[in-house]
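Visitor: how would this look folded up:
(one chain, ligands or ions: 1)
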Amino acid sequence: MLSPIRDEAPDRTSDENQSPAQRPYPQQHGSSPSGTFISPARHHRRIPSINRTPVKETLNASLEYDDEDDSGQGMRINQYILKQEIGRGSFGAVHLAVDQQNPDNQYAVKEISKSRLRKKDQANLLRQPPGARRGGGGFHLNRRSVSDITRAQELSNPLYLIREEIAILKKLDHQNVVSLIEVLDDPEGDSFYMVLEWCAKGVIMKVDLDRSADPYPEEQCRLWFRDMILGIEYLHSQGIVHRDIKPDNLLLTSDDVLKIVDFGVSEMFEKDAPMRTAKFAGSPAFLPPELCKVGHGDVDGRAADIWSMGVTLYCLLFGRLPFSHHVLVDLYNAIQEDLIQLPTDIDPDLSDLLHQLLQKDPERRITMKDLRNHAWVTRSGSDPLLSEEDNTTEFIPPTKDELDTAITKSIGNFMAVVRAVRKLKRLTLGRSRNTKPTKEENHPVRSQNAPVDQPGNYQQQLNAAGVNTEISLDGLAHALPTIHCDGEGLLQESQAPSIGLNTMDGETEGAEEWANEKLESHLEN
Ligand SMILES: Nc1ncnc2c1ncn2[C@@H]1O[C@H](COP(=O)(O)OP(=O)(O)OP(=O)(O)O)[C@@H](O)[C@H]1O
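Guide: Sure, this is the predicted structure:
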C-alpha cells in the first residue's frame, strides 16, 4: 500500500516553484540538457569488460619522488605517476595517475594509511564480543569465524588488513561496478595503494545533511537508476550486500556510465544465503528504518540496499535528502516515521516507485525482481532492461556481431586470420565455396598437415596462394603466435590474453575450447 503523498512541495534551496524536470540541467555533470535520452546499449546486453585482467598484488612497490616533475606532486609508485589529488577519504588521498609507459592509461590511485587502518581495526575489535571476527575493512566475509587468523599473518602482509575489500573487488566484473586493477604495498612506508578504474566525471552528486545540489532531469535519473539496478542486482547475485549506497559512492565515467564504488562496509555471504545481518553500517541519512531501531537484530541486507537506492534516487531527482535532521536521534525517528514529500505534479509511476522503495516495512518493500520491471524504470514496458539472467551470469560469450565488428584490434586480427585460414584452405584444397569440407579439413590449423606453423611462413603461403588476406604483417605477427598447428589445439593458453579471451570470464581457462568452437562455426559458415 502506498503511503500518502503530502501536498506541499519539498523544501528546496533554489527554484522553489519549478518541478525537477523544468529546472535547468546542471552543466557540470556533462550530458545533453535537452536531448532525448536513449536507453544505452548496456541496458540491453551485458558488455564484457575488454581489459579485465586478474587483479595484481604487488608487495614490494617503491615510492619515488621525482624532483623534476612539474605536475605539483612528483610522485611515482612503480609504473604509476601520480597527478593531482582528486579526493580524500578517511584513509588517505585519491590521485589521478597515469601509466609511465602509456600516459593515455589513466587510473585513480587510492592511498590507504596502514596506521589509520590498524587503529580502526583495533577499535572494531574492542567493540566486538569475544570470538567475533577480526581484521580490517569492516567486512563479514562468508559469515565464517576467522578466529584462527593470527597477528603474524597481518604483519607479514599489510594487504591483509583490507583483504575482504580486495577479495570482493577481485571477484566482481560488471559494467556498473568499479574495477580494481592492482594493489600495491610499499613496505618502507605507511601507505598501500589501490589502483582503480578511473571515473573521469567523479561523484554523481554531492549531497548530505548540510548540502543540497542541482537535481538532474527525470530521464537522466531513470537511466542512472537503471545502471544502479543492474550493478546492485549483480552484487546481490554474487552474495554481496553493499550497505553504503549513496550518491557519494556512485561515480561517473567520461561517457556517463554509473559505477558503484567503496566496498568498505560491504558484506559477502555464501551464494544463495538469505543475506541477513545485524551489522550497523552505512551512512545515517541512507539507513533503512529497520536499522534505525534500537536492538534491531538481523535485517535483510538486500532490502536495506533497496531502501538506500530509494534515498539516492530521491537525491538525484530533487537535489536533497528525503529525511534530514542534524541530531541523529531526530534523523532516525524521521526515517522510521515521516512520510516522504513529493511535488504534486510528479509522474504517478515515479511517485509509486519512490513509495515502494521507501516503504518502511522491509517485508513489503519492493524487491529487485519487481523493481527491474517497474513501469517508471521500463517506461511502461517499452524500455525493458536486459534479463536478470544475462545481467548476473558470470561468463558472457560474445555474440557473432561483437566478434565480427572487432571489439578489439586483437580480436579483429584473430578473426581476420580465421578468415584467411579458411580462404587458404579453400584455395589449396581446390574446394569451391559451397563444398562443405571434411572435419579434418575443417580444422586447418589443428591438422597435422597444416601448411605452416610460423607467422613468416604463413604469410608466404598466403601470398603464394594469391590470397588477399587484408591482414597487415603487424596484425599477423600479433595474432598468429596464438595459433599453433601441432594438433593440440588452437591457442596456447599463455597467449590467450593477447586476443582478449580472458576478458570473457576473467581467466584463460576455457579460452582454447571457446576459440575452437568459434573457429569451427566460422569455418562452417
Ligand atoms: N575510481 C575513481 N575515479 C575517480 N575518482 C575517484 C575514484 N575513487 C575515488 N574517487 C574520488 O576520490 C574521493 C575519495 O574517495 P574515497 O573512496 O577515498 O573516499 P570515501 O568514499 O570517502 O571513502 P572512505 O569511505 O574510505 O572514507 C571520491 O569522493 C571521489 O571524488
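
Visitor: stretch 210-226 - what's its average pLDDT?
Guide: Confidence over stretch 210-226, taken as the mean pLDDT, stands at 95.

Visitor: for that stretch, which residues meet the burial criterion?
Guide: Buried residues in stretch 210-226, counting neighbours by 16 or more other Cβ atoms under 10 Å, are found at 212-218, 220-226. Backbone N, C-alpha and C define where each C-beta goes, glycine included.

Visitor: make CSV out of the residues you listed and add secondary structure and distance to R45.
Guide: Conversion of those to CSV gives the following (DSSP: H, G, I helix; E, B strand; the rest coil; distance: Cβ to Cβ, whole Å):
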residue, secondary structure, distance to R45
S212, coil, 37
A213, coil, 32
D214, coil, 32
P215, coil, 30
Y216, coil, 25
P217, coil, 25
E218, helix, 25
Q220, helix, 21
C221, helix, 22
R222, helix, 19
L223, helix, 16
W224, helix, 18
F225, helix, 19
R226, helix, 13
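
Visitor: isn't D214 right up against G319?
Guide: Yes - because the distance of 5.6 Å satisfies Cβ atoms under 8 Å, D214 is recorded as touching G319.

Visitor: quick check: domain ranges of the chain?
Guide: For the chain, the domain assignment from the TED database gives the residue ranges 57-122+150-198, 199-399.

Visitor: return the distance of A61 relative to the ligand.
Guide: With distances defined as Cβ to the nearest ligand atom, to the nearest Å, the gap from A61 to the ligand amounts to 19 Å.

Visitor: where in the chain is pLDDT low?
Guide: Using pLDDT under 70 as the threshold, the predicted model of the chain has low-confidence ranges 1-38, 48-52, 66-73, 121-161, 271, 280, 395-525.

Visitor: quick one on the thing from earlier: of the buried residues of stretch 210-226, closest to L250?
Guide: When these are ranked by distance to L250 (Cβ to Cβ), W224 comes first, at 7.6 Å.

Visitor: with adjacent residues omitted, what lies nearest to that closest one?
Guide: Ranked by Cβ to Cβ, 6 or more residues apart in numbering and with sequence neighbours excluded, the top spatial neighbour of W224 is L258, at 4.8 Å.

Visitor: residues touching that neighbour, list them.
Guide: Counting by Cβ atoms under 8 Å, 6 or more residues apart in numbering, L258 touches N176, I204, W224, D227, M228, G231, L250, L251, L252.

Visitor: and the contacts of the strand or helix carrying K369?
Guide: Using DSSP states H and E, K369 sits in helix 368-372. Where contact means Cβ under 8 Å, 6+ apart, the residues beyond helix 368-372 that reach it are 229, 232-233, 236, 302, 306, 353, 356-357, 377-378, 385, 388.

Visitor: which among the residues you listed gets closest to the ligand?
Guide: When the contacts of helix 368-372 are ranked by distance to the ligand (Cβ to the nearest ligand atom), I232 comes first, at 17.0 Å.

Visitor: tell me what the helix or strand harbouring the closest one is packed against?
Guide: I232 is part of helix 218-237, with elements assigned from DSSP H and E. Here helix 218-237 is seen to pack against strand 258-260, helix 301-318, helix 368-372, helix 375-378, helix 388-392 when contacts are counted using 3 or more Cβ pairs under 8 Å, 6 or more residues apart in numbering; DSSP states H and E.

Visitor: looking at these, which is buried most?
Guide: helix 301-318 (a mean of 25; mean count of other Cβ atoms under 10 Å).

Visitor: for the helix or strand just after that helix, buried residues please.
Guide: Proceeding N to C from helix 301-318, the next assigned helix or strand is helix 328-337, under DSSP H and E. By 16+ other Cβ under 10 Å, the buried positions in helix 328-337 come out as L331, Y332, A334, I335, Q336.

Visitor: with distance to the ligand added, can I get these in a markdown table?
Guide: Shown next, in a markdown table, are the buried residues of helix 328-337 (distance: Cβ to the nearest ligand atom, whole Å):
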| residue | distance to the ligand |
| --- | --- |
| L331 | 19 |
| Y332 | 21 |
| A334 | 24 |
| I335 | 21 |
| Q336 | 25 |
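
Visitor: can you give me the angle the helix holding I232 makes with helix 301-318?
Guide: When axes from the mean of the first three to the mean of the last three Cα atoms, to 10 degrees is applied, the directions of helix 218-237 and helix 301-318 differ by 170 degrees.

Visitor: kindly report the residues of this protein close to the ligand.
Guide: With the criterion set to Cβ under 6 Å from any ligand atom, the chain comes near the ligand through 86-91, 94, 108, 110, 178, 196-199, 202-203, 248, 251, 261-262, 264.

Visitor: which among those end up buried?
Guide: When these are checked for burial by 16+ other Cβ under 10 Å, the buried set is 86, 91, 94, 108, 110, 178, 196-199, 202-203, 248, 251, 261-262, 264.

Visitor: now, which of these lie within strands?
Guide: Those of those mapping onto strands are I86, V94, A108, K110, L196, E197, G202, V203, L251, per DSSP state E.

Visitor: need the contacts of helix 368-372 in JSON lines with distance to H44, can you?
Guide: Below are the contacts of helix 368-372 laid out as JSON lines (distance: Cβ to Cβ, whole Å):
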{"residue": "I229", "distance to H44": "13"}
{"residue": "I232", "distance to H44": "18"}
{"residue": "E233", "distance to H44": "15"}
{"residue": "H236", "distance to H44": "21"}
{"residue": "R302", "distance to H44": "24"}
{"residue": "I306", "distance to H44": "23"}
{"residue": "L353", "distance to H44": "21"}
{"residue": "Q356", "distance to H44": "24"}
{"residue": "L357", "distance to H44": "23"}
{"residue": "V377", "distance to H44": "14"}
{"residue": "T378", "distance to H44": "12"}
{"residue": "L385", "distance to H44": "8"}
{"residue": "E388", "distance to H44": "14"}
